[in-house]
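Q: pasting the sequence and the predicted model now:
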Amino acid sequence: MSNLSGFVKSIRDIMRNDAGINGDAQRIEQIAWMLFLKVYDAKEQDWEMDEDDYISIIPDQFKWSNWAHDDGSGKAITGDELLDFVNIELFPALKNLEVNKETPIKKSIVKTTFEDANNYMKDGVLLRQVINVIDKLDLGDYEESHAFGEIYESILKELQSAGSSGEFYTPRAVTDFMAKMIEPKIGETMADFACGTGGFLTSWIKELENKIQTNEDRRKFDSSIYGIEKKQFPYMLCITNMLLHGIDIPRIEHDNSLLYDVLDYTDDDKFDVILMNPPYGGNEKSDVKNHFPSDLASSETADLFMSVIMYRLKENGRVAVILPDGFLFGTDNAKVSIKKKLLNEFNLHTIVRMPHSVFSPYTSITTNILFFDKTGKTKETWFYRLDMPEGYKNFSKTKPMKLEHFDPAIKWWNNREEISIDGFDKAKKYSKAELEEKNYNLDLCGYPHEEEEILPPKDLIKEYQEKRKSLNADIDRILGQISEILGFDFEEEE
């Protein structure tokens with residue numbers, strides 16, 4: 001296709017006329033399953049050339065090139081015939097493919113991808129038009145395939161403004177910065193236990209790809225990533241994303257990381273590097289908490305993922321993880337236990353405080369990047385506040401965060417010094433003992449109050465609830481200390 005930039009627009013314009021498509025999220029989900037089949041078809045053609053005995057898991061009549069391709073002869077199915085084929089034949093066939101434990105990943109992903117997929121379009125003529133636009137992509141052409149990887153990125157970015165689906169997308173500037181700072185090495189394995197559409201996996205791949213020098217390097221590169229995603233839609237997007245980025249055997253599982261006992265993990269379940277942005281703001285049921293030691297069994301999703309990360313990191317492994325402010329200032333029992341474990345068993349060397357609206361419009365909650373490794377206990381932790389770039393009041397769809405906005409942090413990273421501006425700490429080092437004295441409240445080098453943004457009501461209530469919980473925990477702790485000194489139990493006095 002000569003005009004790749006018009007790809008998304010032309011599909012959007014066609015879909016606007018279809019009564020079955022209701023909003024951006026459905027439109028992107030509709031594009032997703034067709035793109036997956038188109039990309040998978042191109043991959044299969046490569047595999048057939050490379051492997052003499054390659055047999056597709058997809059029956060011939062359901063392969064993209066056999067039903068979707070329009071050769072201009074007028075024989076391509078369209079209208080009601082096409083709708084019936086997709087709804088009555090194609091989807092049931094792909095959803096019911098026979099898969100077992102012996103089925104190779106690159107084949108079993110077809111069934112997993114279609115398990116909960118939907119065809120929303122109701123007009124078979126419009127569906128044919130969309131299929132034709134997608135089919136014109138020449139994924140066999142390296143340049144076009146590479147360029148389409150960027151187009152796919154723009155499709156994923158649109159998820160940010162497609163309601164709740166935005167939770168699966170971390171801005172690329174953030175994932176690229178984290179992958180850059182973690183310094184990937186050939187031969188290392190990297191995991192994301194809530195991988196969404198695969199942003200961290202993509203950034204890792206891009207950073208690591210530059211270091212490939214031999215065929216053995218390429219083999220190690222191909223098997224370096226591992227992801228788990230609970231929800232079907234982002235899982236489908238992630239698999240397609242990995243295939244587009246040259247990962248022929250994407251080790252991506254459609255599963256929930258929180259449903260396994262963390263104490264059961266063996267060395268085979270551990271990774272050299274973990275990069276992730278755990279879902280936060282959610283509350284988990286008690287049956288999920290049962291998979292964690294009682295002192296770490298928080299009801300908050302992000303807290304539980306922190307425990308998963310700690311139990312699944314190899315010796316000398318490295319982590320970069322995004323966590324909300326509530327994790328930093330939280331001093332309730334579970335959060336304190338998690339942070340105690342973090343400082344005593346891991347080296348929490350750096351916390352980068354990120355400006356507000358990085359995840360806008362999905363959430364206005366302010367977030368942070370924690371960098372730690374498993375090389376021994378923490379001796380000191382550096383805090384660095386990344387300020388909003390000059391000329392920006394907020395990040396937005398039209399003014400998103402860019403990798404260059406991290407330049408001050410990258411420059412500081414390699415030449416650390418304490419910085420204070422107008423009486424507020426911008427960069428400062430704290431010893432482990434100092435953090436313990438603060439009862440593990442890591443809310444340090446924060447933003448001056450005049451920069452604070454009025455949050456939407458839902459986020460504001462969430463933040464107040466977290467602060468109240470932490471305040472109550474602090475009050476209880478202090479009352480307990482006073483009671484101990486005075487020799488009575490304050491709980492009995494109430």
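A: Done, it's in.
Q: show me this protein divided up by domain.
A: 4-150, 157-477 (automatic domain parsing).
Q: could you point out which of those domains sits nearest Ser483?
A: Minimum separation from Ser483 across those (Cβ to Cβ) falls at domain 157-477, 10.2 Å. From N, CA and C alone the C-beta is placed, and that goes for glycine too.
Q: mean confidence score for the closest one?
A: For domain 157-477, mean pLDDT is 89.
Q: in stretch 75-87, what's buried?
A: The neighbour-count check on stretch 75-87 (16 or more other Cβ atoms under 10 Å) flags 76-78, 82-83, 85-86 as buried.
Q: just the CA trace of it, in PDB.
A: Backbone C-alpha positions of stretch 75-87 (Å, rounded to 0.1, in the frame of the first residue of the first chain) are rendered in PDB as follows:
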ATOM      1  CA  LYS A  75     -15.200 -14.000  -7.400                       C
ATOM      2  CA  ALA A  76     -14.400 -12.700  -3.900                       C
ATOM      3  CA  ILE A  77     -17.300 -13.300  -1.500                       C
ATOM      4  CA  THR A  78     -19.100 -10.200  -0.200                       C
ATOM      5  CA  GLY A  79     -22.400  -9.100   1.300                       C
ATOM      6  CA  ASP A  80     -24.500 -11.600   3.200                       C
ATOM      7  CA  GLU A  81     -22.500 -14.500   1.800                       C
ATOM      8  CA  LEU A  82     -19.300 -13.000   3.400                       C
ATOM      9  CA  LEU A  83     -21.100 -12.300   6.700                       C
ATOM     10  CA  ASP A  84     -22.500 -15.800   6.900                       C
ATOM     11  CA  PHE A  85     -19.100 -17.300   6.100                       C
ATOM     12  CA  VAL A  86     -17.400 -15.200   8.900                       C
ATOM     13  CA  ASN A  87     -20.100 -15.700  11.600                       C
END
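Q: other residues contacting that stretch?
A: 67, 69-70, 119, 121-125, 127-128 (Cβ atoms under 8 Å, 6 or more residues apart in numbering).
Q: looking at these, which are in helices?
A: Of these, the ones assigned to helices by DSSP state H are 67, 124-125, 127-128.
Q: pick the one among these closest to Thr363.
A: Leu127 (34.4 Å).
Q: wait, the closest one sits on Met121?
A: Yes: contact status for Leu127 versus Met121: in contact at 4.6 Å, counting by Cβ atoms under 8 Å.
Q: which residues do the two both contact?
A: 18, 83.
Q: thinking again about what came up before, can you put the domains of the chain in CSV and add distance to Gly487?
A: Output for the domains of the chain, formatted as CSV (distance: least, Cβ to Cβ, whole Å):
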stretch, distance to Gly487
domain 4-150, 61
domain 157-477, 18
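Q: pretty sure Met354 contacts Ser360?
A: No: using Cβ under 8 Å, Met354 is not in contact with Ser360, being 11.8 Å away.
Q: those two: which is more packed in?
A: Met354 (24 against 19; other Cβ atoms under 10 Å).
Q: ok, now which ones touch the closest residue in space to the more buried one that isn't next to it in sequence?
A: Excluding its sequence neighbours, the residue lying closest to Met354 (Cβ to Cβ, 6 or more residues apart in numbering) is Thr367, at 5.2 Å. Contacts for Thr367 were tallied using Cβ under 8 Å, 6+ apart; they are 322-325, 354, 358-359.
Q: now with 7 Å?
A: Thr367 is in contact with 322-324, 354, 358-359, counting by Cβ atoms under 7 Å, 6 or more residues apart in numbering.
Q: one more: Ala334?
A: Ala334 neighbours (Cβ under 7 Å, 6+ apart): 296-298, 303.
Q: check Ile252 too.
A: Listed by Cβ under 7 Å, 6+ apart, the contact set of Ile252 reads 195, 227, 229, 235, 238-239, 242.
Q: next one: stretch 9-27 to chain centre, how far?
A: Here stretch 9-27 is found 25 Å from its chain centre; the criterion is Cα atoms, centre = their mean, to the nearest Å.
Q: cool, and stretch 208-224?
A: Taking Cα atoms, centre = their mean, the mean C-alpha location of stretch 208-224 is offset from the chain mean by 23 Å.
Q: who touches it?
A: In contact with stretch 208-224 (Cβ under 7 Å, 6+ apart) are residues 184, 186-190, 247-249.
Q: buried set for that stretch?
A: The neighbour-count check on stretch 208-224 (16+ other Cβ under 10 Å) flags 208, 220-222, 224 as buried.
Q: now do stretch 350-365
A: By 16+ other Cβ under 10 Å, the buried positions in stretch 350-365 come out as 350-360, 362-365.
Q: now do it: distance from first to last residue.
A: End-to-end span of stretch 350-365 (Cα to Cα, to the nearest Å): 20 Å.
Q: one step back: shared neighbours, Met354 and Ser360?
A: With Cβ under 7 Å, 6+ apart, Met354 and Ser360 have no common neighbours.
Q: what is the nearest of the contacts of stretch 208-224 to Tyr40?
A: Asp248 (10.7 Å).
Q: so how far is Ile109 from that closest one?
A: According to Cβ to Cβ, to the nearest Å, Asp248 and Ile109 sit 11 Å apart.
Q: the two: which is more packed in?
A: Ranked by neighbour count (other Cβ under 10 Å), Asp248 and Ile109 place Ile109 first, with 27 against 14.
Q: pLDDT score for that one?
A: For Ile109, pLDDT reads 91.
Q: can you tell me the closest non-neighbouring residue to it?
A: That would be Ile239: by Cβ to Cβ, 6+ apart, it lies 5.2 Å from Ile109.
Q: ok, now which ones touch that neighbour?
A: Residues near Ile239 by Cβ under 7 Å, 6+ apart: 36, 109, 113, 250, 252.
Q: tell me which helix or strand comes right after the host helix or strand of it.
A: Secondary structure from DSSP states H and E places Ile239 in helix 232-244. Moving toward the C-terminus from helix 232-244, the next helix or strand (DSSP H and E) is strand 252-254.
Q: that next one pairs with which strands?
A: Strand 252-254 has the following sheet partners, assigned by DSSP bridges: strand 225-229 (parallel).
Q: how deep is Asp287 tucked in, by neighbour count?
A: By other Cβ under 10 Å, neighbour count at Asp287 equals 8.
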